[in-house]
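Peer 1: How does the following fold in three dimensions:
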Amino acid sequence: MSEPTAPPLPCPSIRRRLVAMVYESFLLAAVEMLAVALWLALTRNHHEPVYQYGLKVFLFLVTGAYFVHAWSGSGHTLAMKTWRMRLLTDGGARVPLRTAVLRYLLAWGWFLPALAVCALFGVTGKAQVGIVVGVGIVAWGATALLDPQRRFLHDRLAGTRLVSLVGRPAVQAVAS
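Peer 2: Below is the predicted model of the structure:
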């Protein structure tokens, strides 16, 4: 007699994922503040353009390391764990390193198209850039409404999905 298989885990609501992203932004700000402090100590606080570009690359790499390590390790960041969600492959397996890197790069789709529009059309004012980026974020977020599984575009392209662990015992949620 075969064991009954557990039903597939549901996808967290779009609202729950967006709230987790806001929480994640606060945690990420702290990580990046430490990275900036380290960069300034290593570069002796030089402000030449090459150091400014270097800082941007360093922050991109630190942010990537933060997410890729969390996604390919435990399957969740602290914010995702707090909001009881986990990242899996489409097949329900742990996310491999290569897939986590791909997801990180694709997730820049939340911002890069809007920033490219700003650069292309010479939009430089803080308010105008904020509006363009805001519209881009809403547009990227709306991609979840087009997906039958309510995945954001970067998850669909990377072959990953977020699952909700709400209603599962914490021990079982961590062990799975």
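
Peer 1: which of the residues in stretch 114-125 are buried?
Peer 2: 114, 118, 123 (16 or more other CB atoms under 10 Å). Where C-beta positions appear, they are placed from N, C-alpha and C, glycine not excepted.

Peer 1: and the second one, what element?
Peer 2: Residue 118 is part of helix 112-121, with elements assigned from DSSP states H and E.

Peer 1: Pull that helix out as PDB, backbone CA atoms only.
Peer 2: Only the C-alpha atoms of helix 112-121 are listed here, as PDB (Å, rounded to 0.1, in the frame of the first residue of the first chain):
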ATOM      1  CA  LEU A 112      16.100  47.900 -14.500                       C
ATOM      2  CA  PRO A 113      13.500  48.500 -17.200                       C
ATOM      3  CA  ALA A 114      12.200  51.600 -15.500                       C
ATOM      4  CA  LEU A 115      15.800  52.900 -14.900                       C
ATOM      5  CA  ALA A 116      16.500  52.300 -18.600                       C
ATOM      6  CA  VAL A 117      13.500  54.300 -19.500                       C
ATOM      7  CA  CYS A 118      14.800  57.100 -17.300                       C
ATOM      8  CA  ALA A 119      18.200  57.000 -18.900                       C
ATOM      9  CA  LEU A 120      16.800  56.800 -22.400                       C
ATOM     10  CA  PHE A 121      14.500  59.800 -22.000                       C
END
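
Peer 1: what does the helix or strand hosting residue 88 rub up against?
Peer 2: Here residue 88, judged by DSSP H and E, is contained in strand 85-89. Contact with strand 85-89 is made by 9, 12, 16-17, 20, 71, 75-76, 80, 94-96, 99, 103, 159-165, 173, 176, as judged by CB atoms under 8 Å, 6 or more residues apart in numbering.

Peer 1: Can you give me the buried ones in it?
Peer 2: Under 16+ other CB under 10 Å, the buried positions of strand 85-89 are 85-88.

Peer 1: pLDDT at residue 75, what is it?
Peer 2: The per-residue pLDDT reported for residue 75 equals 95.

Peer 1: Since that was my last question, I'll sign off now.
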